[in-house]
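Visitor: Okay, here's the prediction I keep looking at, along with the sequence it came from:
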Amino acid sequence: MASLELKSLRKEFDGGSIVAVDDLNLEIEDGEFVTVVGPSGCGKSTTLRMIAGLERPTSGRIHVDGADITDVHARHRDVAMVFQNYALYPHKTIQQNMAFGLRMSTDMSAEEREQRVYDAAEMMGIEDLLDDTPGELSGGQKQRVALGRAIVREPDVFLFDEPLSNLDAKLRTTMRTEIQRLQEELGITSVYVTHDQEEAMTMGDRIVILNDGELQQTGKPTHVYQNPTNQFVAGFVGSPSMNFVDVEADPFDGGVRLNGADGSFSYDLTSGRASAFGDIAGGSYVLGIRPEHVAVSEGDVAGTDTIPATVDVVEPVGSDNYLYLDLGTESRSFDTEDAPDFIARVPADIEPEVGDVVQIAFDEDSVHLFETETGEAVT
Ligand code: ATP
């Protein structure tokens, strides 16, 4: 077991024209399970490969338990990596596949090796498959073997590179729980890379969000969900995405009036955390509000504490309905051109007709404002 520290870790490709990882600083505690998430190309795999020793950093250092391992060969690092494509030897038996890492890195006796493989196989529930070859196994079984092989080595650090991407949705859910159980049981410091924000949010003790090779935010999943530091994080974490609306802010004593950028509505924030916004300078901002923090009432009388909206789509999702609304102003869903304008998640008994005008109000403790230019959250 060990702590892991990345110090200004940087990786450039193509003579510096691609910065895959941009001076990343990260401390991971002994026994912590950290998930790393971000869109395709944000540098997740490159970061992991540098920790594993499969990629040499352009600059920066990697420390395990305080010792600098940046120049240590991959084979001599106490790090085990689990890949999306399992990376099993097709002609070797499961027993041989699992024992392979031990042969490479230690000189233990054959009996001890066999016992360690059996113990790991038992832990993964694959002890009956030890004489099979990978070709005879299902995807889920192969991933258990890959996990078992990582366990056998008793590493200081576990690295997971999208290990569940090739599995179907149901198996993925089972394996998530299994990996979490395993990690808790063994207490091994783990870094788990995924592009799936839901996976990252449910599995990690802590989540790390990257974009363009840069650290955006790190923290407990619920904290990040409730307190995103910028518009990127706010839009990336949570499904459906946070709603964004361009507004002009007009602060007054005890609150702030938000005007739709094109003058189509006026909404006063006066309570909860929103009262802190009374100190901001007036001008353009982006309002952020999650679908579950939008209250909808049926009726078309607007006030300064509600905004009229036209119902475009009603999507039932069991206990709730998602209402796709048109606020008659420029609302912007995060990063997807054809995404619906504005979504409210409401109890299933609120079921207006398409074309109805409803009134929406915000849970004022859950309203976010972002700087228009920088996307930084106003706190
Ligand atoms: P994905 O989820 O798609 O795997 P990622 O977040 O893991 O993406 P990386 O694979 O780390 O991202 O890639 C980060 C950036 O570095 C991308 O722009 C990628 O094209 C680039 N890159 C990665 N490996 C190389 C390489 N060997 N040569 C050149 N560019 C590379």
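Guide: On my side now, so go ahead. Numbers count the residues shown, from 1 in each chain.
Visitor: How about the residues of this protein by the ligand?
Guide: Residues of the chain lying close to the ligand (CB under 6 Å from any ligand atom) are 13-14, 18, 20, 38, 40-46, 195. The way it works is simple: take the backbone N, C-alpha and C, and place the C-beta from them, glycine included.
Visitor: Filter these down to the buried ones.
Guide: The neighbour-count test (16 or more other CB atoms under 10 Å) applied to these identifies 20, 38, 42, 43, 44, 45, 46, 195 as buried.
Visitor: How about the stretch 101-250 of the chain: which residue is closest to the ligand?
Guide: Going by CB to the nearest ligand atom, the ligand is nearest to residue 195 of the stretch 101-250 of the chain, at 4.7 Å.
Visitor: just to revisit the earlier point, confidence-wise, which of the buried ones among the residues of the chain next to the ligand comes last?
Guide: Among these, residue 195 has the lowest pLDDT, at 91.
Visitor: And the next helix or strand past the lowest-mean-pLDDT helix or strand in the chain?
Guide: Lowest on mean pLDDT, DSSP states H and E among the helices and strands of the chain sits strand 331-333, with a mean of 47. Using DSSP states H and E, the helix or strand that follows strand 331-333 in sequence is strand 342-347.
Visitor: Not counting its own residues, what contacts the helix or strand just after that next one?
Guide: Per DSSP H and E, the first helix or strand lying C-terminal to strand 342-347 is strand 357-362. Applying CB atoms under 8 Å, 6 or more residues apart in numbering, the contact partners of strand 357-362 are 267, 269, 289, 293-302, 305-311, 323, 325, 327, 344, 352.
Visitor: Among those, the buried ones, what's the PyMOL command?
Guide: Command for PyMOL that selects the buried part of these, burial taken from 16+ other CB under 10 Å:
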select buried, resi 267+269+289+293+294+296+302+306+307+308+309+310+311+323+325+327+344+352
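Visitor: mind listing which of the contacts of strand 357-362 are in strands?
Guide: Using DSSP state E, the subset of these located in strands is 267, 269, 289, 294-298, 307-311, 323, 325, 344.
Visitor: nearest to residue 2, of those?
Guide: residue 289 (41.7 Å; CB to CB).
Visitor: quick one: the strands in the stretch 151-300 of the chain?
Guide: 157-161, 189-194, 206-211, 214-219, 243-252, 255-260, 266-269, 283-289, 294-298 (DSSP state E, counting those that start in this stretch).
Visitor: Chain neighbours aside, what residue packs nearest to residue 185?
Guide: Sequence neighbours aside, residue 123 is the residue nearest to residue 185 in space, at 7.9 Å (criterion: CB to CB, 6 or more residues apart in numbering).
Visitor: Just give the number of residues close to the one you found.
Guide: Neighbour count for residue 123, taken as other CB atoms under 10 Å: 19.
Visitor: what residues are up against it?
Guide: Counting by CB under 8 Å, 6+ apart, the residues that residue 123 touches are 148, 151, 182, 185.
Visitor: and it, what pLDDT?
Guide: 85.
Visitor: and it, what are its phi and psi?
Guide: phi -60, psi -40 (degrees, to the nearest 10).
Visitor: just to revisit the earlier point, was I right to think the residue of the stretch 101-250 of the chain closest to the ligand contacts residue 39?
Guide: Yes - distance between residue 195 and residue 39: 6.8 Å, which falls inside the contact criterion (CB atoms under 8 Å).
Visitor: Tell me which residues touch residue 136, please.
Guide: Neighbouring residues of residue 136 by CB under 8 Å, 6+ apart: residue 129.
Visitor: And it, how far from residue 218?
Guide: Taking CB to CB, to the nearest Å as the measure, residue 136 and residue 218 are separated by 41 Å.
Visitor: same check, this time on residue 363
Guide: 26 Å.
Visitor: Name the residue in the two with the higher neighbour count.
Guide: residue 218 (20 against 16).
Visitor: Skip the chain neighbours and tell me the closest residue to that one.
Guide: Using CB to CB, 6+ apart, the nearest residue to residue 218 is residue 208, at 4.6 Å.
Visitor: May I have the predicted confidence score for the one you found?
Guide: The model's pLDDT for residue 208 equals 98.
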